[in-house]
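> Below are the sequence and a predicted model; questions follow.
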Amino acid sequence: MSDKIVLGIESSCDETGVGIVRLAGDGGMTLLADQVASSVDQHARFGGVVPEVASRAHLEAMVPTMERALDESGLSLSNVDAIAVTCGPGLAGALLVGVSAAKAYAAALDVPLYGVNHLAGHVAADTLQHGPLPPECLALLVSGGHTQLLKVEDLAGKITEVGSTIDDAAGEAYDKVARIIGLPYPGGPPIDKAARQGDPNAIKFPRGLTGPRDPKFDFSFSGLKTAVARWVEAREAEGKPIPVEDVCASFQESVADVLTAKAVRAAKELGIGTLVISGGVAANSRLSELARERCDQAGIELRVPRPRLCTDNGAMIAAVGAHVVAAGVRPSSLELPTDPGLPV
Ligand code: KG4
Ligand code: ZN
């Protein structure tokens, strides 16, 4: 097979992403462009992503982001051999913008179109930095929208969910707790920063679903968020100041403890030797530190892509596209539907 240029489009949430990957004949991949336009600032005052605002922002950003990605790669549209696009899961209106754009480009260029899963994209992002995955690995996806443990056997097809959150996603818990203690949206970065000055053992917050009878690999963060809210309310009722750094450090310790304990336990019980952590929360300093410690102890290889590849982007979608092209999967039709609830 000669080299193929695969372009990826991402628009499932609040990031408009266009990435370009060169797939070599031997299956090797090179990242040529990764352009992202975020509407996060437009959502900040609402404390969460507003779907209508996100869709409109995608519409405005799609063509300029495409142009910037082509500029960065030094290629033109006529060089593109295939187009991959996130068709789910995600926000319905937001997905529709990316999928419509992908169909228009694929039809105009007469190249194959591939609808791909956003979650597979988060895992594939790691291959752009660390190379091919081993035949079997476990992925912990932690973002504002997802918290899942996935057994990955083939990025072009065989991915199985082994655990997931039963309520809030980990990033959502960060965002809600930030709101409770008066920190800005998105809450992950300011909590991470404040936590560095605090004592992680100052307040004993609950560890969701870690009892002996609880599901082994599922997560729950809404009880933790409520516990933080109650603790803060009680403190305010006593007229005492809120020790923001200690609250952040103690909350963060609970999240990192549960995520890493369950991921390592799953890897051990399933006999999997590699753990990939991806998604916006993978940028968390305590999560990666504790994961490193526990993976080292258990003899598990840990792979965490750089923050830019962890958050939503088009490069990760181009990477799944390249895997799918290399595997010879049949392209999607131009009727490709979006599916906001698409499972892995
Ligand atoms: O993957 P992402 O950019 O978007 C999706 O939700 O798909 O993840 C965003 C989430 C937000 O909830 C944000 O608060 C969280 O990732 N986040 C972090 C950190 N940086 C971003 N959470 C904890 N620590 C961080 N350093
Ligand atoms: Zn995502």
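Structure received. Numbering: from 1, shown residues only. Ligands and ions are numbered 1, 2, ... in the order given.
> Now do the contacts for the residue nearest to the spatial centre of the chain.
Nearest to the geometric centre of the chain sits residue 279, at 2.7 Å (Cα atoms, centre = their mean). Residues near residue 279 by Cβ atoms under 8 Å, 6 or more residues apart in numbering: 122, 141-143, 146, 171, 310-311. (C-beta placed from N, C-alpha, C; glycine too.)
> Local confidence estimate at it?
As predicted, residue 279 sits at a pLDDT of 95.
> Would you map the helices across this structure?
Taking DSSP state H, the helices of the chain run over residues 40-43, 51-73, 92-109, 118-130, 170-180, 188-195, 222-237, 244-270, 285-298, 307-310, 315-327.
> Let me know which of those helices is tucked in deepest.
A comparison of the helices of the chain by mean neighbour count, using mean count of other Cβ atoms under 10 Å, puts helix 315-327 on top with a mean of 28.
> tell me which strands and helices that one is in contact with?
Contacts defined by 3 or more Cβ pairs under 8 Å, 6 or more residues apart in numbering; DSSP states H and E place helix 315-327 against strand 4-10, strand 15-23, strand 29-38, strand 82-88, strand 113-117, helix 118-130.
> who does the third one pair up with?
It stands for strand 29-38. Sheet pairing of strand 29-38 (DSSP bridges) gives strand 15-23 (antiparallel).
> Same check on the fourth one?
Using DSSP bridges, the strands paired with strand 82-88 in its sheet are strand 4-10 (parallel), strand 113-117 (parallel).
> before we move on, the earlier item: can you give me the distance of the residue nearest to the centre of the chain to residue 170?
8 Å (Cβ to Cβ, to the nearest Å).
> what residues are shared contacts of these two?
Common neighbours of residue 279 and residue 170 (Cβ under 8 Å, 6+ apart) are 142-143.
> closest one to ligand 2 among the helices and strands packed on helix 315-327?
helix 118-130 (5.7 Å; Cβ to the ion).
> That closest one and ligand 1, any residue contact?
No. Figure legend: helix 118-130 not in contact with ligand 1 (Cβ under 6 Å from any ligand atom); closest approach 7.3 Å.
> Then stretch 41-50?
No. Using Cβ under 6 Å from any ligand atom, we find that stretch 41-50 stays clear of ligand 1, coming within 8.0 Å at best.
> which outside residues touch that stretch?
13-14, 53-54, 57, 91, 144, 175, 179, 184-186.
> and that stretch, which residues are buried?
Buried residues in stretch 41-50, counted by 16 or more other Cβ atoms under 10 Å: 43, 49-50.
> touching ligand 2 at all, it?
No. Against ligand 2, stretch 41-50 shows no contacts by Cβ under 5 Å from the ion, the least distance being 11.3 Å.
> for stretch 173-187, same thing?
No. Stretch 173-187 is not in contact with ligand 2 by Cβ under 5 Å from the ion; minimum separation 12.6 Å.
> So for that stretch, mean pLDDT?
96.
> so how far is it from its chain's centroid?
Here stretch 173-187 is found 19 Å from its chain centre; the criterion is Cα atoms, centre = their mean, to the nearest Å.
> What does the pLDDT read for residue 74?
Note for residue 74: predicted pLDDT of 98.
> And the residue nearest to it when sequence neighbours are not counted, how close does it get to residue 232?
Spatial nearest neighbour of residue 74, excluding adjacent residues (Cβ to Cβ, 6 or more residues apart in numbering): residue 32 at 7.7 Å. Remark: distance between residue 32 and residue 232 (Cβ to Cβ) = 47 Å.
> buried stuff in stretch 337-344?
Quick answer for stretch 337-344 (16+ other Cβ under 10 Å): 338-340, 342, 344.
> Please name the residues that touch residue 269.
Taking Cβ under 8 Å, 6+ apart as the definition, contacts of residue 269 comprise residue 216.
> now swap in the one 3 residues further on and tell me
The neighbourhood of residue 272, defined by Cβ under 8 Å, 6+ apart, consists of 136-138, 151, 266, 300.
> try residue 103
113, 334, 336.
> So the second one sits against residue 105, correct?
The one in question is residue 334. No. Counting by Cβ atoms under 8 Å, residue 334 stays clear of residue 105, with 11.1 Å between them.
> So what sits opposite residue 30 in the bridge?
Going by DSSP bridges, residue 30 forms beta bridges with residue 22.
> And residue 7, by the same measure?
As assigned using DSSP bridges, the partners bridged with residue 7 are residue 20, residue 83.
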